[in-house]
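>>> my questions concern the predicted model and sequence given below.
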Amino acid sequence: MEKDARRLLEDILDREIEVARSLALNLAAERAALTGDSPTAVEGKAAEKVRILETIEKLESERRALYALPSSAGLAATVAERWRALMELMAGCRTANEVNGHIIHVRQHQIGQLIDIVRGGPAFIYGPQGKTFAKALRALARA
């Protein structure tokens with residue numbers, strides 16, 4: 001029984017590693033889409049990321065259920081290498097996702113500044129010392 005449980009755990013971890021690799025590729029593609037000019041591409045990559053994360057959650061549930069079995073006490077040592085590989089992949093994915101979140105934040109800030117300029121609000125410019133300050137501009141359009 002323990003051998004079957006070990007084989008099942010190894011299979012689940014292998015699938016998790018494969019899905020984590022696809023998440024890493026998706027996050028790289030999402031970053032490229034975020035720095036591009038296609039909102040549709042960003043939406044597509046974000047939707048794909050959600051599907052991948054749902055798959056990861058499902059596999060994690062399967063893995064946790066397997067650990068709950070009484071015969072799983074000695075399984076941890078046999079799958080340590082796979083576990084380390086999975087954790088390294090997921091740490092990289094977390095970092096990539098944080099970078100993508102930062103890009104989104106910067107884009108939102110840029111769009112907010114552009115909207116302020118169109119509305120006639122202050123534009124932020126840089127002075128000789130590199131510090132920003134607001135300079136009032138005329139509105140580009142009036143409704």
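On my side now, so go ahead. For clarity, every value in this text was computed on a predicted model and none was experimentally measured.
>>> low pLDDT regions in the protein?
Along the chain, the parts satisfying pLDDT under 70 run over 1-2, 69-78, 122-126, 130, 132-143.
>>> which residue is nearest the centroid of it?
Among the residues of the chain, the one closest to the centroid is N97, at 2.8 Å (Cα atoms, centre = their mean).
>>> list the contacts for that one?
N97 makes contacts with L27, as judged by Cβ atoms under 8 Å, 6 or more residues apart in numbering. The way it works is simple: take the backbone N, C-alpha and C, and place the C-beta from them, glycine included.
>>> and it, what element?
In the assignment (DSSP states H and E), N97 maps to helix 80-119.
>>> just R51 next, same as before
R51 belongs to helix 39-67 when assigned by DSSP H and E.
>>> for that helix, packing partners?
helix 2-34 (3 or more Cβ pairs under 8 Å, 6 or more residues apart in numbering; DSSP states H and E).
>>> tell me the angle the helix it packs on makes with helix 80-119.
On the basis of axes from the mean of the first three to the mean of the last three Cα atoms, to 10 degrees, helix 2-34 is oriented at 20 degrees to helix 80-119.
>>> re earlier: can you pull the buried residues of the helix holding R51?
Under the neighbour-count criterion of 16 or more other Cβ atoms under 10 Å, helix 39-67 has V42, K45, E48, K49, I52, T55, I56, L59, E62, R63, L66 buried.
>>> mind putting those residues into a markdown table with distance to L25?
Putting the buried residues of helix 39-67 into a markdown table (distance: Cβ to Cβ, whole Å) gives the following:
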| residue | distance to L25 |
| --- | --- |
| V42 | 16 |
| K45 | 10 |
| E48 | 10 |
| K49 | 11 |
| I52 | 9 |
| T55 | 14 |
| I56 | 14 |
| L59 | 17 |
| E62 | 23 |
| R63 | 22 |
| L66 | 27 |
